[in-house]
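>>> Provide a 3D model corresponding to the input given below.
(one chain, ligands or ions: 1)
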Amino acid sequence: MTEPMEARTYATEVLLRDGGKIHIRAVRPDDRQRLRGLFHSLSEQSIYSRFSTQKRELSEAELDFLTRLDFVQHVALAAVIRAEPQIASPSCENQEEQIIGVGRYAVQKDGNAEVAYAVADAHQHRGIGSALLQHLTVIARTAGLTTFVANVLTENVLLHSAFLARSGFYPTVTVSLGVAHISFPLGKAGHS
Ligand SMILES: CC(C)(COP(=O)(O)OP(=O)(O)OC[C@H]1O[C@@H](n2cnc3c(N)ncnc32)[C@H](O)[C@@H]1OP(=O)(O)O)[C@@H](O)C(=O)NCCC(=O)NCCS
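Just a heads-up that it's a prediction; the model follows:
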């Protein structure tokens, strides 16, 4: 097994196909408000797809879970842009970060991890979901994991299988109790 990389400090720049630039970095404890912002930028449909239920807010307990990560069993990356400053400023430090997408995995057993991801509706179809998945894969592979499993609503299987295939993976689907489990080996991703 390869030495695990320092996932907690993972950070990289990504150039999107539309020319936009995003920063992908590890989720931090101080991201609670930014994750609330991302949640409120999701349509009802995206919320339902991500959480398999309708909800209007993330609870404090959910925000604890989403931000208190050990970066071994539970790893999360955020896609970040700089929010437009209210007052023109030459300093980047004054520009607040905005999270426009997040991807995470939780280790299960036998080299498997459950993966989940969401991108703000206004930023979907720019390649951000795919980029988050690629970078999560880098971390997971280095940690010795072999397979991601995404649990999605059965009505969304085709969409997610297309998303994963387009992202360079080879998904296979099983269904149990009305939930589709899409698993895909990490060794066959299109990018390293
Ligand atoms: C799934 C999701 C994360 C994709 O994010 P994204 O940033 O839009 O994805 P990308 O731009 O990287 O898409 C890559 C490919 O996936 C496919 N794809 C993505 N969204 C799709 C959609 N709604 N319908 C059909 N294909 C889609 C496309 O083939 C796309 O490539 P293309 O744009 O060159 O055609 C986003 O739709 C989302 O947040 N959905 C709601 C939450 C959710 O369903 N999470 C998964 C369950 S945990």
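>>> what's the neighbour count on G103?
26 (other CB atoms under 10 Å). To be clear about C-beta, it is placed using only N, CA and C from the backbone, and glycine gets the same treatment.
>>> Same question for S46.
S46 is flanked by 16 other residues according to other CB under 10 Å.
>>> And the pLDDT for the residue lying closest to it once chain neighbours are set aside?
Closest residue in space to S46, ignoring its immediate chain neighbours: D121 at 5.7 Å, by CB to CB, 6 or more residues apart in numbering. Model confidence at D121, given as pLDDT, is 98.
>>> Tell me which residues touch D121, please.
For D121, the contact set (CB atoms under 8 Å, 6 or more residues apart in numbering) comprises 41-43, 46.
>>> tell me the phi and psi of it?
phi -50, psi -40 (degrees, to the nearest 10).
>>> Against S41, how distant is it?
7 Å (CB to CB, to the nearest Å).
>>> Relative to R25, which of the contacts of D121 is nearest.
S41 (18.1 Å; CB to CB).
>>> Count the residues that sit near the residue nearest to that closest one when sequence neighbours are not counted.
Distances taken as CB to CB, 6+ apart put A120 closest to S41, at 3.8 Å, once the chain neighbours are dropped. Taking other CB under 10 Å as the neighbour definition, A120 ends up with a count of 22.
>>> swap in the one 5 residues further on?
A count of neighbours around H125, defined by other CB under 10 Å, yields 10.
>>> cool, and A113?
A113: 22 surrounding residues under other CB under 10 Å.
>>> Provide a list of residues in contact with the closest residue to the ligand within the chain.
Proximity to the ligand, evaluated over the chain using CB to the nearest ligand atom, is greatest for G129 at 2.4 Å. With contacts defined as CB under 8 Å, 6+ apart, the neighbours of G129 are 101, 103, 117, 119, 163, 167.
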